[in-house]
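*Asks:* have a look; sequence and predicted model below, questions after that.
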Amino acid sequence: MIQPVALVWGSTGQVGSYLCEFLLEKKYKVYGVARRVSIDTTQRLTNCLRNDNFTLMSGDITDAFSVSEIVQNTVGNQPMNIRTELYNQACQSQVHTSFQQPVWALRVGAEGHLNILEAVRKYAPLTRLYFAGSSEEFGSNKGENGFQNEDTAFQPISPYAVSKVAAHHLTRNYRIAYDLFCCTGITFNMDSPRRTPEFVTKKITQYIGKLKCVLDRSFVLNREFIPGKDFPKLKLGNLDSSRDWSHPQDTVQAMWMMLQSNEPKDYVISSGKTHTIREFLTLAFNEIGISDWVSYVEVDKDCLRPSDVTYLCGDSSKIRNELKWQPKIEFEQLVKDMVRYDINEQKAKEKAQIAGRVIA
């Protein structure tokens with residue numbers, strides 16, 4: 001078997017890291033690209049960095065020269081009989097932050113993707129290209145059945161969403177104008193233990209991890225615990241926002257399947273089920289034996305977005321029927337995995353702190 005080659009932009013991100021692992025399991029030669037920063041962002045790639053088929057590269061998606069050079073030296077530098085794929089997972093991923101940095105959001109999301117499309121057109125026209133779209137492209141638009149699918153009109157209500165819509169249309173334009181095999185996966189919310197702290201789900205599970213350790217100490221000391229006094233409350237925004245959550249381990253398989261198909265098409269990638277932040281909170285707090293979490297949570301207006309999508313639920317029947325994709329990890333398991341991970345992380349941190357004090 002001739003080894004295929006994949007180039008993954010945004011490889012140090014939550015989804016990018018799972019994608020790199022998935023491709024390595026498929027015996028690809030994988031080039032991961034990440035923007036150089038002053039702190040180490042490669043923790044999620046620990047398993048990949050041990051693999052001889054993985055190479056981590058430094059690049060900036062907003063720099064057309066950098067993009068062109070990387071594309072030329074990886075997927076563009078392969079014999080005709082080598083299958084090459086490019087996955088663009090790089091973006092400014094925070095909706096809230098995109099209101100504070102709208103120009104940066106558009107540069108990374110739209111202009112950055114255009115740099116990739118141009119580089120592929122010029123230097124690697126046989127490379128199959130995947131763009132990571134977002135359910136935020138739909139805004140509050142939904143079909144008659146309450147779902148968003150490939151025919152639902154876009155109505156972006158944040159700079160982040162606008163950048164995704166622009167890149168989505170550019171992908172379709174290059175597919176038609178230049179006959180490139182490029183497509184967009186309209187992914188709904190994806191969460192896992194690798195999620196960054198800025199997102200509400202991780203904010204919840206990290207809080208519970210810390211709370212669990214405090215409660216354990218209070219129990220040992222036989223001391224009454226008072227939320228808000230012995231431990232700060234968890235500040236959140238709209239608790240009634242409904243989202244369609246999937247695990248990246250499921251969605252990266254869908255991305256890969258899209259590039260294995262005979263024809264480039266855009267697909268919605270989703271679980272097809274919607275849950276509120278309240279439901280997430282209930283499942284998460286249940287993991288530490290708390291059934292009534294209201295006294296631990298405070299709604300903070302500073303956590304609310306200037307404009308917000310309150311309901312998202314994807315109809316992924318097209319990719320399920322045409323490509324036979326089927327997600328495996330349920331919402332309940334996703335929440336449990338995140339909570340258990342953050343409890344263990346917090347315990348490890350406290351253990352290390354205690355050890356450090358003893359040594360000192």
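*Replies:* Right, received. Where do you want to start? Residues are numbered from 1 along each chain as shown.
*Asks:* who's in contact with stretch 133-150?
*Replies:* By C-beta atoms under 8 Å, 6 or more residues apart in numbering, the surrounding residues in contact with stretch 133-150 are 95, 151-158, 160-161, 164-165, 167-168, 184-189, 244, 266-268, 270, 272, 309-318. Yep, even glycine has a C-beta here, placed from its N, CA and C like the rest.
*Asks:* repeat that for stretch 280-298.
*Replies:* Applying C-beta under 8 Å, 6+ apart, the contact partners of stretch 280-298 are 201, 204-205, 208, 211-212, 215, 227-228, 233-236, 239, 331-332, 335-336, 338-340, 343.
*Asks:* one more pass at 7 Å, please.
*Replies:* 201, 204-205, 208, 211-212, 215, 227, 233-236, 332, 335-336, 339-340 (C-beta atoms under 7 Å, 6 or more residues apart in numbering).
*Asks:* mind checking which of those are buried?
*Replies:* 201, 204-205, 208, 211-212, 215, 227, 234, 236, 335-336, 339 (16 or more other C-beta atoms under 10 Å).
*Asks:* on that earlier part again, so which of the contacts of stretch 133-150 are in strands?
*Replies:* 184, 185, 186, 187, 267, 268 (DSSP state E).
*Asks:* now these in CSV, with distance to residue 126 and pLDDT?
*Replies:* Listed next are these as CSV, based on distance: C-beta to C-beta, whole Å; pLDDT from 0 to 100:
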residue, distance to residue 126, pLDDT
184, 19, 98
185, 20, 98
186, 25, 98
187, 25, 97
267, 22, 98
268, 27, 98
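*Asks:* mind giving me the packing neighbours of the helix or strand containing residue 335?
*Replies:* Using DSSP states H and E, residue 335 maps to helix 331-359. Other helices and strands packing on helix 331-359, by 3 or more C-beta pairs under 7 Å, 6 or more residues apart in numbering; DSSP states H and E, are helix 200-220, helix 277-286.
*Asks:* how does it look with 10 Å?
*Replies:* helix 200-220, helix 248-260, strand 275-276, helix 277-286 (3 or more C-beta pairs under 10 Å, 6 or more residues apart in numbering; DSSP states H and E).
*Asks:* dump those to a markdown table, plus distance to residue 116 and mean pLDDT.
*Replies:* What follows is the helices and strands packed on helix 331-359, written out as a markdown table (distance: least, C-beta to C-beta, whole Å; pLDDT from 0 to 100):
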| stretch | distance to residue 116 | mean pLDDT |
| --- | --- | --- |
| helix 200-220 | 28 | 89 |
| helix 248-260 | 14 | 98 |
| strand 275-276 | 33 | 96 |
| helix 277-286 | 34 | 97 |
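*Asks:* want to throw these into CSV with distance to residue 355?
*Replies:* As requested, the helices and strands packed on helix 331-359 are exported to CSV (distance: least, C-beta to C-beta, whole Å):
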stretch, distance to residue 355
helix 200-220, 15
helix 248-260, 33
strand 275-276, 39
helix 277-286, 29
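*Asks:* looking at the ones you listed, which is closest to residue 79?
*Replies:* The closest of the helices and strands packed on helix 331-359 to residue 79 is helix 248-260. By C-beta to C-beta, the value is 18.8 Å.
*Asks:* and that closest one, what's buried?
*Replies:* Within helix 248-260, the residues that qualify as buried by neighbour count (16+ other C-beta under 10 Å) are 248, 249, 250, 251, 252, 253, 254, 255, 256, 257, 258, 259.
*Asks:* between the helices and strands packed on helix 331-359, which one is nearest to residue 45?
*Replies:* helix 248-260 (13.8 Å).
*Asks:* which SS class is residue 56?
*Replies:* Look at residue 56: counting by DSSP: H, G, I helix; E, B strand; the rest coil, its state is strand.
*Asks:* burial count for it?
*Replies:* When neighbours are counted by other C-beta atoms under 10 Å, residue 56 registers 17.
*Asks:* identify the residue nearest it in space, chain neighbours excluded?
*Replies:* What sits nearest to residue 56 in space, not counting adjacent residues and going by C-beta to C-beta, 6 or more residues apart in numbering, is residue 32, at 5.0 Å.
*Asks:* just checking, that neighbour touches residue 18?
*Replies:* No. Look at residue 32 against residue 18 with C-beta atoms under 10 Å: they stay out of range, at 11.9 Å.
*Asks:* mind checking pLDDT for the closest residue to residue 340 other than its chain neighbours?
*Replies:* Nearest residue to residue 340 in three dimensions, chain neighbours excluded: residue 287, at 6.9 Å (C-beta to C-beta, 6+ apart). Residue 287 is assigned a predicted lDDT (pLDDT) of 96.
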